[in-house]
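S.K.: what's the 3D shape of this:
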Amino acid sequence: MKKIFLLTLFSAFTLGAVLAQSNTIISYSVGFGTGDLGEFIGKPSFRGMSFDYRKMVNPNVGVGVNFSWNTFYEEKDRATYTQDNISLTGKQYRYSNNFPMLATAAYFLKPEESMNPFVGLGIGTMYTLRNTDMNLYTLEQDAWNFLLQPEVGLQFEIDPSTALHVSLKYNVGFKAGNELTNAQSYLALNVGFALK
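M.R.: Sure thing, here's the model as predicted:
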């Protein structure tokens, strides 16, 4: 029993030390399609979330990972739509699910102050699954795009271990050789909490 107590106590202190050297962010994400994605779906995405983990190398610099998800959706009016040599008449329902996965680095400008602006950059990939539903038919296309993600943001300290996190990320996808050949890019506005 004594060993379990000591192990639990040690784990609690270790976890506190690890969290003190990291920046874990969970946020709600609103996406705005640009380029090919913006032409395919003109409406913003209110279905999204983002998870960031940053190991703080020093008070100003953090390196880590980002995993995000945004679903774009738009219902198109009844019309005749033509693709290649096929024409269909009816309503179209368009979906695009985007999953960025990146290695990231961030630079915090004022780590000792309660309002701490930062800039960041992520490099990785994004999986895109695009569906076009019409009547009984579905056209499904997917792609893995190389991705760059510049970011600007602000963390406002609520207490020593928690901050309000607001950031703007631009997911810049590059052309892929899969079914969905055009680059898929979008802006993401993220609002959430950072655990320090």
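
S.K.: for the protein, what are the low-confidence residue spans?
M.R.: 1-20 (pLDDT under 70).

S.K.: Strands along that one, start to end?
M.R.: For the chain, applying DSSP state E gives strands covering 22-34, 47-56, 61-83, 86-108, 115-134, 137-159, 162-173, 184-195.

S.K.: Partner strands of the shortest one and their direction?
M.R.: Strands adjacent to strand 47-56 in the sheet, as given by DSSP bridges, are strand 22-34 (antiparallel), strand 61-83 (antiparallel).

S.K.: Can you lay out those strands as TSV showing mean neighbour count and distance to Ser96?
M.R.: C-beta: built from backbone N, CA, C; applies to glycine. Output for those, formatted as TSV (neighbours: other Cβ atoms under 10 Å; distance: least, Cβ to Cβ, whole Å):
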stretch	mean neighbour count	distance to Ser96
strand 22-34	19	8
strand 61-83	16	4
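
S.K.: In contact with the residue nearest the centre of the chain, which residues?
M.R.: Compute the mean C-alpha point of the chain, and by Cα atoms, centre = their mean the closest residue is Ser68, 3.1 Å away. The contact partners of Ser68, by Cβ atoms under 8 Å, 6 or more residues apart in numbering, come to Ser29, Gly48, Met49, Ser50, Phe51, Asn98, Phe99, Pro100, Lys169, Asn171, Ala188.

S.K.: can we see that at 7 Å?
M.R.: Residues near Ser68 by Cβ atoms under 7 Å, 6 or more residues apart in numbering: Ser29, Gly48, Ser50, Pro100, Ala188.
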